[in-house]
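J.: pasting the sequence and the predicted model now:
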Protein chains: 2
Amino acid sequence: MTLFERDAFPTVPENDFGFTLKATDGMARRGEVKTAWGTIQTPVFMPVGTAASVKAMMPQSVASTGAEIILSNTYHLMLRPGPDRVERLGGVRKMMGWHKPLLTDSGGFQVMSLGALRKIDEDGVTFKSHLDGSAHRLSPEISTDIQHKLDATITMAFDECTPYPATHEVAAESMRLSMRWAKRSRDAFVARKGYGQFGIVQGSVFEDLRAESVEKLRELDFEGYAIGGLAVGEGQEAMFDTLDFTTPMMVDEKPRYLMGVGKPSDLVGAVARGVDMFDCVLPTRSGRTGQAFTHRGTVNIKNARHKDDDRPLDEACSCPACSLYGRAYLHHLFKADEVQGLMLLTWHNLQYYQDLMAGMRSAIEQGSFASFQAQFEAQQAMGDIDPL
Amino acid sequence: MTLFERDAFPTVPENDFGFTLKATDGMARRGEVKTAWGTIQTPVFMPVGTAASVKAMMPQSVASTGAEIILSNTYHLMLRPGPDRVERLGGVRKMMGWHKPLLTDSGGFQVMSLGALRKIDEDGVTFKSHLDGSAHRLSPEISTDIQHKLDATITMAFDECTPYPATHEVAAESMRLSMRWAKRSRDAFVARKGYGQFGIVQGSVFEDLRAESVEKLRELDFEGYAIGGLAVGEGQEAMFDTLDFTTPMMVDEKPRYLMGVGKPSDLVGAVARGVDMFDCVLPTRSGRTGQAFTHRGTVNIKNARHKDDDRPLDEACSCPACSLYGRAYLHHLFKADEVQGLMLLTWHNLQYYQDLMAGMRSAIEQGSFASFQAQFEAQQAMGDIDPL
């Protein structure tokens, strides 16, 4: 495993920001995003490093799974350690020793989740910190400036994540506020070589609103477009239905990023519908609680049936958890509350997600995405390996 | 970093068990312990992997610090996952992916610490599990058998750790019980190529009792001898005083192991007094709470003075925490309760301990141990680096 040496932290941008569509297979797309700090092969999954750490992982280990870009959360970092401090330390990537590209969200989603602790107006949002109750303010301009200080390779426009379910009227009003904020976010963005900013399509599950949102964002000519307001409780079917009419409206020549998604089957279904980029806490969060994703579905390693089972967690996986240990030991680590247990399952889940994305990229290149998807679904439906 | 591949788990013993004294400098000794599964350079520090995991570390990372042997606890492993299960999984080393030698304690120390939960008699100890209150039994024969099932490269005799302070009468009675148990432990030990068993010298701080204990153990011809009943509250001065009269009584041609010790200054002072082997939870446990050992003393990384300090934790250290990150980021990880924080500080502390041992080994070889010790003490007394 190659370490990211501090001295070798890159300071000269490698590329201008740009997206190249390399192949398609049905709606599925195989592309490449060039950035200042490295090139990303799409479809891509971005591990989440909320507070400038992919929980329980060294950056070297994250990179060893094949991850080419990670995501950090503006909300958490603005509260701690604070944007000015991060800027003095050279940005999130330098501070945390991650030499590859970084995407930050805008803080909007987390702030909206605060419920009674936040108050929204036309200009932005005032909220209280979940850490100490202190008052803070986010607006399109403030969020964009903070993301600049965090040195995000990809900055997200500040928007309101429309709650689900929402009436057409509420969804329309929310989407149009987000579109006014998108314009202000775009105006506040400082263009730099190899850096980009993405606008976020809103409109809940309504086709006409998604169309209006896509159209308004297109005028602002972002470097990429995200699909927001999904994976918020609508379920996989409604999410896929929304993608079915949304991605075809979106331009071909920019990356499409489905925010906060998802389970392995969500990723496969969304790639089939033309999505290029994903992020989700699921592999890392699940790993810390003992839930593993495998090519034969999910496994709860804390289940007693593993306690004498020396077979690997997933025989198709090459991560340390699968190549160096048996299930019995992983089970023991979780029963004994050993930190190494959550380190290993996090590592495995990230490896599984990266392998899944690599498999999809390869299938699209070969024009065999439909059979890849069929095999994925068949294997997932098999259930875990036979009992001992 | 080289991984310990599962397929490459060693099955043919490398050596017969044996100790070679390579150099001395005053009382300090530079030696080598050959075992079935690798050779250990002494003086050596053994990281503690209580439940078959050095907490928050991958075995590869433990080995990368220079560690050549680790310690696991019989008490914890007999309760969970259980000796028979560990045996079926190939022993502790195979189960946890540690291909180098392993020492297990006898369980005696932990059981004695249970206080009201244990009852001692001539044959052994009955106690209740701290996990679920279930009743268990340890005796010289049972402990030795369990350590065999755990596949300990070095087995410890089952003894009673005499509490401190103890009257001469209590200490004598306790020591003599331990000596009867040492004989029974020795009889129960199954000799195997490259494996060894250590007897434990008891007798509290009383010279005549230590002498009697050394003499009784010598008759049993163990492969090595430990000094027990220290680091139990007597303080460094009394510990050093006890070592001053105990190590000279011990044979030269066997390794001397001071159990459960200690702070960096304890290690240096004990090596100066002729000790070869150490184990302690201090570097790992302290690392998890944010306390770091450095060549200029201890540092609490949670202290606010580090929050804008981008300098390394210990500029003399090559571990990932020191070579890849600044103090400000380590501080942030602890403030944000990130698992990576305790991973990094554990790694650093283990690296510091291994570097300290390597420095002592080198100094003894060069006949410069006294100046090494003087420099160590001067640097520790300097205190942490100047404020920003």
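T.: Structure received.
J.: the helices in the stretch 201-350 of chain A, which residues?
T.: Along the stretch 201-350 of chain A, counting by DSSP state H, counting those that start in this stretch, helices occupy A:207-218, A:235-246, A:264-272, A:282-289, A:320-324, A:327-335, A:339-365.
J.: and the ones you listed as CSV, adding mean pLDDT and mean neighbour count?
T.: C-beta: built from backbone N, CA, C; applies to glycine. Shown next, in CSV, are the helices of the stretch 201-350 of chain A (pLDDT from 0 to 100; neighbours: other C-beta atoms under 10 Å in any protein chain shown):
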stretch, mean pLDDT, mean neighbour count
helix A:207-218, 98, 19
helix A:235-246, 98, 17
helix A:264-272, 98, 22
helix A:282-289, 98, 20
helix A:320-324, 97, 23
helix A:327-335, 98, 25
helix A:339-365, 98, 23
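J.: could those go into CSV alongside distance to chain B?
T.: Listed next are the helices of the stretch 201-350 of chain A as CSV, based on distance: least, C-beta to the nearest C-beta, whole Å:
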stretch, distance to chain B
helix A:207-218, 33
helix A:235-246, 30
helix A:264-272, 24
helix A:282-289, 8
helix A:320-324, 5
helix A:327-335, 5
helix A:339-365, 4
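J.: of these, which is nearest A:Val92?
T.: helix A:282-289 (16.8 Å; C-beta to C-beta).
J.: elements contacting that closest one?
T.: strand A:291-294, helix A:339-365 (3 or more C-beta pairs under 8 Å, 6 or more residues apart in numbering or on different chains; DSSP states H and E).
J.: tilt between it and helix A:327-335?
T.: Relative orientation of helix A:282-289 and helix A:327-335, computed by axes from the mean of the first three to the mean of the last three C-alpha atoms, to 10 degrees: 80 degrees.
J.: list the contacts of helix A:282-289.
T.: Here helix A:282-289 makes contact (C-beta atoms under 8 Å, 6 or more residues apart in numbering or on different chains) with A:47-48, A:54-57, A:262-263, A:292-293, A:298, A:342, A:345-350, A:352-353, B:339.
J.: now stretch A:162-171
T.: So stretch A:162-171 is contacted by A:112, A:174-175, A:178, A:202-206, A:209, A:229, A:232-234 (C-beta under 8 Å, 6+ apart).
J.: that older thread, would you reformat the helices of the stretch 201-350 of chain A as CSV and include distance to A:Arg85?
T.: Output for the helices of the stretch 201-350 of chain A, formatted as CSV (distance: least, C-beta to C-beta, whole Å):
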stretch, distance to A:Arg85
helix A:207-218, 32
helix A:235-246, 37
helix A:264-272, 35
helix A:282-289, 24
helix A:320-324, 33
helix A:327-335, 35
helix A:339-365, 27
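J.: in which helix or strand would I find the residue of the stretch 101-250 of chain A found nearest chain B?
T.: In the stretch 101-250 of chain A, no residue comes nearer to chain B than A:Leu131, which is 9.5 Å away by C-beta to the nearest C-beta. A:Leu131 is located outside every helix and strand, with elements delineated by DSSP states H and E.
J.: endpoints of stretch A:38-57, how far apart?
T.: Distance between the two ends of stretch A:38-57: 21 Å, counting by C-alpha to C-alpha, to the nearest Å.
J.: give me the mean pLDDT for it.
T.: Here stretch A:38-57 scores 98 as its mean pLDDT.
J.: let me see the contact set for A:Ser371.
T.: A:Ser371 is in contact with A:Ala363, counting by C-beta under 8 Å, 6+ apart.
J.: what angle separates the helix or strand where it lies from helix A:264-272?
T.: Using DSSP H and E, A:Ser371 sits within helix A:369-382. Relative orientation of helix A:369-382 and helix A:264-272, computed by the same axes, to 10 degrees: 170 degrees.
J.: can you give me the buried ones in helix A:369-382?
T.: Using 16 or more other C-beta atoms under 10 Å in any protein chain shown as the test for burial, helix A:369-382 gives A:Phe369, A:Phe372, A:Gln373, A:Phe376, A:Gln380.
J.: as a markdown table, those with distance to chain B and pLDDT would be great.
T.: Output for the buried residues of helix A:369-382, formatted as a markdown table (distance: C-beta to the nearest C-beta, whole Å; pLDDT from 0 to 100):
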| residue | distance to chain B | pLDDT |
| --- | --- | --- |
| A:Phe369 | 33 | 98 |
| A:Phe372 | 29 | 98 |
| A:Gln373 | 32 | 98 |
| A:Phe376 | 27 | 98 |
| A:Gln380 | 26 | 95 |
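J.: in a markdown table: those, plus distance to B:Lys335.
T.: A markdown table is the format used below for these (distance: C-beta to C-beta, whole Å):
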| residue | distance to B:Lys335 |
| --- | --- |
| A:Phe369 | 45 |
| A:Phe372 | 44 |
| A:Gln373 | 44 |
| A:Phe376 | 41 |
| A:Gln380 | 40 |
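J.: now, which of those sits nearest A:Met239?
T.: Of the buried residues of helix A:369-382, the one sitting nearest to A:Met239 (C-beta to C-beta) turns out to be A:Gln373, at 16.2 Å.
J.: contacts only, for the closest one.
T.: When contacts are counted by C-beta under 8 Å, 6+ apart, A:Gln373 touches A:Val268, A:Ala272, A:Ala363.
J.: any idea how far it lies from A:Leu267?
T.: Counting by C-beta to C-beta, to the nearest Å, the separation of A:Gln373 from A:Leu267 is 11 Å.
J.: which phi and psi does A:Gly72 have?
T.: Heads up, residue A:72 is Ser, not Gly. phi -120, psi 160 (degrees, to the nearest 10).
J.: and for it, the neighbour number?
T.: 27 (other C-beta atoms under 10 Å in any protein chain shown).
J.: do I have it right that it meets A:Gly49?
T.: Yes. Proximity of A:Ser72 to A:Gly49 meets the contact threshold set by C-beta atoms under 8 Å, at 5.2 Å.
J.: need the distance between the two termini of stretch A:43-63.
T.: OK, stretch A:43-63 end separation, C-alpha to C-alpha: 16 Å.
J.: so the residue nearest the centre of chain A versus chain B, what's the distance?
T.: Centroid check for chain A by C-alpha atoms, centre = their mean gives A:Asp279 as the closest residue, at 1.2 Å. Per C-beta to the nearest C-beta, to the nearest Å, A:Asp279 is found 18 Å from chain B.
J.: tell me the bridge partners for that residue.
T.: A:Asp279 forms beta bridges with A:Met46, as assigned by DSSP bridges.
J.: tell me the contacts of it?
T.: A:Asp279 makes contacts with A:Phe45, A:Met46, A:Pro47, A:Val48, A:Leu71, A:Leu103, A:Tyr257, A:Met259, A:Gly260, A:Val261, as judged by C-beta under 8 Å, 6+ apart.
J.: now A:Asp308: closest residue in space that isn't a chain neighbour?
T.: Distances taken as C-beta to C-beta, 6 or more residues apart in numbering or on different chains place A:Ala328 nearest to A:Asp308, at 5.7 Å, with adjacent residues excluded.
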